[in-house]
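Visitor: Provided below are the primary sequence and the corresponding predicted coordinates.
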Amino acid sequence: MNSKIRNYVDVIFKDVPRTKKAIELKEEIASNLNERFEDYLKEGKSETESYGLAVANMGDVDEMIREVMPNEDFVIEANSYRKRNAKNTAIGVCLYILGAAALILFSVIGEEVGMEDVGGAVGVITLLIFAAIATAMIVYSYMSTPKEYKDYEDSQEREIKSMKPKDRKVFEAISSIYWLIITAIYLLISFVTHAWGITWIIWVISGIFHQIIVVIFQLKGTNE
């Protein structure tokens with residue numbers, strides 16, 4: 001397929017949620033444009049002329065796009081999945097933190113009563129149980145969400161690309177500082193506690209909090 005046509009179609013569908021119908025329409029339009037482009041080339045026209053004629057004669061694209069835009073019921077259902085997934089993710093984060101807290105608590109109790117090994121073992125088991133439940137909830141939320149709703153959510157996020165240049169610079173600066181601090185905290189805690197097999201949870205929790213920062217910037221851009 002001609003790269004100009006592919007780029008043109010990508011541009012007109014840039015802000016269209018990637019539902020099944022929208023994807024099918026996008027491929028149909030791209031295929032039809034390319035066929036017309038090839039036909040004009042066979043008639044002896046230049047690439048520029050062929051491209052211009054193909055685009056000019058493609059019809060009312062805006063009307064076709066309006067027909068595949070999500071209706072109100074779709075948006076409501078997509079938002080309900082999004083809220084459910086956000087709630088399950090929040091609960092999952094809490095369980096990760098509670099698991100780490102339980103590990104520390106049982107380790108301390110074990111030392112106090114002279115049963116350090118038992119306390120540590122109970123703490124690790126508790127941590128693994130909490131982590132297993134949290135991971136199961138997050139994975140279930142993702143796997144049980146229909147693809148068209150995930151595509152719709154992805155199209156709504158536009159994480160960095162949708163940000164204004166000024167906001168993007170601020171976001172990138174905050175992200176750089178944030179991850180430097182997280183790395184320092186991770187190394188400090190890991191070297192002090194020597195609990196390298198557990199401190200990886202810091203990265204999981206940090207990734208979720210970073211996503212919260214992204215959402216804040218998205219909401220800021222939406223409100224302006």
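Guide: Thanks, I have the structure now.

Visitor: Just the mean pLDDT for stretch 184-194, thanks.
Guide: Regarding stretch 184-194, the rounded mean pLDDT is 83.

Visitor: Residues in contact with it: which ones?
Guide: Contact partners of stretch 184-194, identified using C-beta atoms under 8 Å, 6 or more residues apart in numbering, comprise A195, W196, T199, I202, W203. C-beta here means a position set from N, CA and C on the backbone, and glycine is covered the same way.

Visitor: and the closest residue to V122 other than its chain neighbours, what element?
Guide: Of all residues not flanking V122 in the chain, F106 sits nearest, at 4.6 Å (C-beta to C-beta, 6 or more residues apart in numbering). Using DSSP states H and E, F106 falls within helix 72-112.

Visitor: And G44, by the same measure?
Guide: Counting by DSSP H and E, G44 is part of no helix or strand.

Visitor: What is the neighbour count of it?
Guide: When neighbours are defined as other C-beta atoms under 10 Å, G44 has 8 of them.

Visitor: wait, doesn't A134 sit right on G92?
Guide: Yes - A134 lies in contact with G92 (C-beta atoms under 8 Å); the separation is 3.8 Å.

Visitor: where do the contact lists of these two overlap?
Guide: If you check A134 and G92 against C-beta under 8 Å, 6+ apart, no residue is contacted by both.

Visitor: Y8: which of the contacts of stretch 184-194 is nearest?
Guide: Taking C-beta to C-beta as the measure, Y8 lies nearest W203 of those, at 40.6 Å.

Visitor: give the contact list for S107.
Guide: Counting by C-beta under 8 Å, 6+ apart, S107 makes contact with E116, G119, G120, G123.

Visitor: are any of the residues you listed buried, and which?
Guide: If you count burial by 16 or more other C-beta atoms under 10 Å, the buried members of the contacts of S107 come out as G119, G120, G123.

Visitor: And these, which is closest to A173?
Guide: G123 (38.3 Å).

Visitor: for the protein, what spans make up the helices?
Guide: Using DSSP state H, the helices of the chain run over residues 3-12, 20-42, 47-56, 61-68, 72-112, 116-143, 147-157, 165-193, 201-223.

Visitor: domain assignment for this protein?
Guide: The chain is divided into the following domains under automatic domain parsing: 3-68, 72-147, 158-224.

Visitor: Could you pull up the mean pLDDT of the shortest one?
Guide: Meaning domain 3-68. 80.

Visitor: and what of the second one?
Guide: Averaging pLDDT along domain 72-147 gives 81.

Visitor: Return the distance of that domain from the chain's centre.
Guide: Domain 72-147 sits 20 Å away from the centroid of its parent chain (C-alpha atoms, centre = their mean, to the nearest Å).

Visitor: The shortest one too?
Guide: Here domain 3-68 shows a centroid-to-chain-centroid distance of 28 Å under the convention C-alpha atoms, centre = their mean.

Visitor: ok, the residue lying closest to M58 once chain neighbours are set aside - contacts?
Guide: Spatial nearest neighbour of M58, excluding adjacent residues (C-beta to C-beta, 6+ apart): L33 at 6.0 Å. Shown in contact with L33 (C-beta under 8 Å, 6+ apart): I5, Y8, V9, A54, V55, M58.
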